[in-house]
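Participant: Structure for this input, please:
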Amino acid sequence: MESNKEKPAVNTFVKKHKRSIIIALIVIAAFVFLTVTYTIITQPERSVASFCKVAKENKSALLPNANNEQRLSAYTKLEVVSPDEIRPDITAIKKGYESAVKDPANAFTTGLGIAASEGRRTEYLNKHCTDFWN
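Facilitator: All right, here's what the predicted structure looks like:
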């Protein structure tokens, strides 16, 4: 019985504010469209050049003396621009450092787990980012 009393109130509200509701829905749809478009347009390019640039900018975090938080930050940035051929390794390394940052007791086992990926990352840097070590 209560629902019958509520329905006329809702229907009356909708009838009174129909134009405002339509305008609000159009504004929301436009906002979503612009947000998605902006996100797509501003995505960093996944390329060797972008990878090398980001690696060089974060070089200190990729070297052995960096702490896990610095490394995680660098690999998060690298993952966004990594070309397909190296992306799985960068993602694995990033996940490893996420684990090590979350629980420092995992640092040793994480290091063992990502060693192969880090080796492939170094090979990739040597092959494609010749000025990285300068």
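Participant: from here on, contacts and neighbour counts on C-alpha atoms
Facilitator: Noted.
Participant: For the one helix or strand Ala49 maps to, buried residues please.
Facilitator: Take DSSP states H and E as the rule and Ala49 turns out to sit in helix 48-57. Residues of helix 48-57 classed as buried under the neighbour-count rule (16 or more other CA atoms under 10 Å) are Val48, Ser50, Phe51, Cys52, Lys53, Val54, Ala55, Lys56.
Participant: Check stretch 122-131 too.
Facilitator: Taking 16+ other CA under 10 Å as the criterion, stretch 122-131 shows Tyr124, Leu125, Cys129 as buried.
Participant: now these in CSV, with distance to Thr37 and pLDDT?
Facilitator: Shown next, in CSV, are these (distance: CA to CA, whole Å; pLDDT from 0 to 100):
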residue, distance to Thr37, pLDDT
Tyr124, 32, 95
Leu125, 33, 94
Cys129, 32, 94
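Participant: quick one, phi psi at the residue most central in space within the chain?
Facilitator: Relative to the mean C-alpha position of the chain, the nearest C-alpha, by CA atoms, centre = their mean, is the one of Val80, at 6.2 Å. Dihedral angles of Val80 (phi, psi; degrees, to the nearest 10) stand at phi -70, psi -30.
Participant: again, but for Asn58
Facilitator: The phi/psi pair for Asn58 (degrees, to the nearest 10) is phi -110, psi 20.
Participant: From Glu98, how far out is the residue lying closest to it once chain neighbours are set aside?
Facilitator: Once flanking residues are discounted, Asn58 sits nearest to Ala74: 5.8 Å by CA to CA, 6 or more residues apart in numbering. For Ala74, the distance to Glu98 equals 12 Å [CA to CA, to the nearest Å].
Participant: Check Ile40 and give its pLDDT.
Facilitator: Per-residue pLDDT puts Ile40 at 67.
Participant: Which residue is the nearest non-sequential neighbour of Glu98?
Facilitator: Leu72 (6.4 Å).
Participant: can you list the domains in the chain?
Facilitator: Structural domains annotated on the chain: 2-41, 48-128, as defined by automatic domain parsing.
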